[in-house]
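Peer 1: Fold the following and give me the result.
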Amino acid sequence: MELRQLRYFATLAEELHFGRAAAREHIVQSALSQQVQRLERELGVRLLERSTHHVALTAAGALFLVEARQILAHVDRAATIARRAVGASAALRVGIIDASYDSMPQILHEVQARYPALVIHQVEVGVPEQYQQLVDGRLDVGIGRAALAPPDVASFLFRRDPLGVLIPHGHRFADLDAIPVATLAQEPLLLAEEAQAPEFNQFTIEMCRTAGFTPAVYEGTVESIRAAADLVAQGRCLYCVPSSCIAALPGTIWRPLTEPTSYYPWSVLWRETDDSDHVAAIVGCARAMSQRLGWLAVTGQPAG
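Peer 2: This next block holds a predicted model:
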């Protein structure tokens, strides 16, 4: 019996719908179904009644759910106690999207100044995996768009980041100060690796559709901003990125997008039940920096 099987079962018991439960756990429906079936085989007990349009707990399933929730709560509590016991030598695991974005490094720099003994481990991981690792206790803090966060992940919006586009030197857009989104309709747009950044791809596509077109997507994918910049510099495609991306990307120019002007929403993410001082310090630093640098003071319709 595995902890993830207990968690999947508990989520399914709350949703009573395989599709919704799989979405909450950020796995495919078939994988969730297989894990629950393995749990039932391990127990030798049928926990759920299933039909094409109906999922319900059996009597045994209802009793098992009570115990499963207690086990999961004890595991979370044990992890919290272990972290607190470290005291002044505490370590935090912080998720970052890509080393090319500057928001989290700036926040962590301030946190480190306040807590010089704090050991911070930066883990480069996509937002969907950050959600999972936060819930599992493998990450303490993350960063990303919070629109798809599961219920047990808390968030604080600290930056609305102007969205722009990377273009190669010599491109017909290079002399423009800003680029209307509709003009991208004739350009192949590169998207991020879907498993790494589905929320960013969704944001880009929705922006294009708001401007009246569905983008022509470049067939290749990348897993980093620098890899994207290489493709752009070669003239193969254009790539939409927020302004917080490092500007020094050889062979490319960044121009803001207008009509509509869009702002990518960056949030600090953490486990809802985690009330540790160091997590609170990161959230507090993000809040203070946001106010000091005016990261939320934007014009136009705010992005979601």
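Peer 1: Tell me the buried residues in stretch 178-191?
Peer 2: 179, 181, 183-184, 187-191 (16 or more other Cβ atoms under 10 Å). Just so you know, the C-beta spots here come from the backbone N, C-alpha and C atoms, and that holds for glycine as well.
Peer 1: can you list those in a markdown table and add secondary structure?
Peer 2: Shown next, in a markdown table, are the buried residues of stretch 178-191 (DSSP: H, G, I helix; E, B strand; the rest coil):
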| residue | secondary structure |
| --- | --- |
| Ile179 | strand |
| Val181 | helix |
| Thr183 | helix |
| Leu184 | helix |
| Glu187 | coil |
| Pro188 | strand |
| Leu189 | strand |
| Leu190 | strand |
| Leu191 | strand |
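Peer 1: ok, so of those residues, who is nearest Ser30?
Peer 2: Leu191 (25.0 Å; Cβ to Cβ).
Peer 1: tell me what the strand or helix carrying Ala22 is packed against?
Peer 2: Ala22 belongs to helix 18-25 when assigned by DSSP states H and E. Where contact means 3 or more Cβ pairs under 8 Å, 6 or more residues apart in numbering; DSSP states H and E, helix 18-25 is packed against helix 3-15, helix 29-43.
Peer 1: make it 10 Å
Peer 2: Here helix 18-25 touches helix 3-15, helix 29-43, helix 127-136, going by 3 or more Cβ pairs under 10 Å, 6 or more residues apart in numbering; DSSP states H and E.
Peer 1: okay, these in TSV with distance to Ile120 and mean pLDDT next?
Peer 2: Below are these laid out as TSV (distance: least, Cβ to Cβ, whole Å; pLDDT from 0 to 100):
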stretch	distance to Ile120	mean pLDDT
helix 3-15	26	90
helix 29-43	32	91
helix 127-136	15	92
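Peer 1: Could you export the ones you listed as TSV, including mean neighbour count and distance to Cys208?
Peer 2: Converted to TSV, these look like this (neighbours: other Cβ atoms under 10 Å; distance: least, Cβ to Cβ, whole Å):
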stretch	mean neighbour count	distance to Cys208
helix 3-15	19	32
helix 29-43	16	29
helix 127-136	20	20
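Peer 1: Quick one, which of these gets closest to Ala227.
Peer 2: It's helix 127-136; of these, that one is closest to Ala227 (Cβ to Cβ) at 17.9 Å.
Peer 1: Return the next helix or strand after that closest one as CSV; C-alpha atoms alone will do.
Peer 2: Next helix or strand after helix 127-136 toward the C-terminus (DSSP H and E): strand 141-144. What follows is strand 141-144, C-alpha atoms only, in CSV (Å, rounded to 0.1, in the frame of the first residue of the first chain):
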residue,chain,number,x,y,z
VAL,A,141,7.3,27.2,-1.9
GLY,A,142,6.6,27.5,-5.6
ILE,A,143,5.9,30.2,-8.2
GLY,A,144,3.6,30.3,-11.2
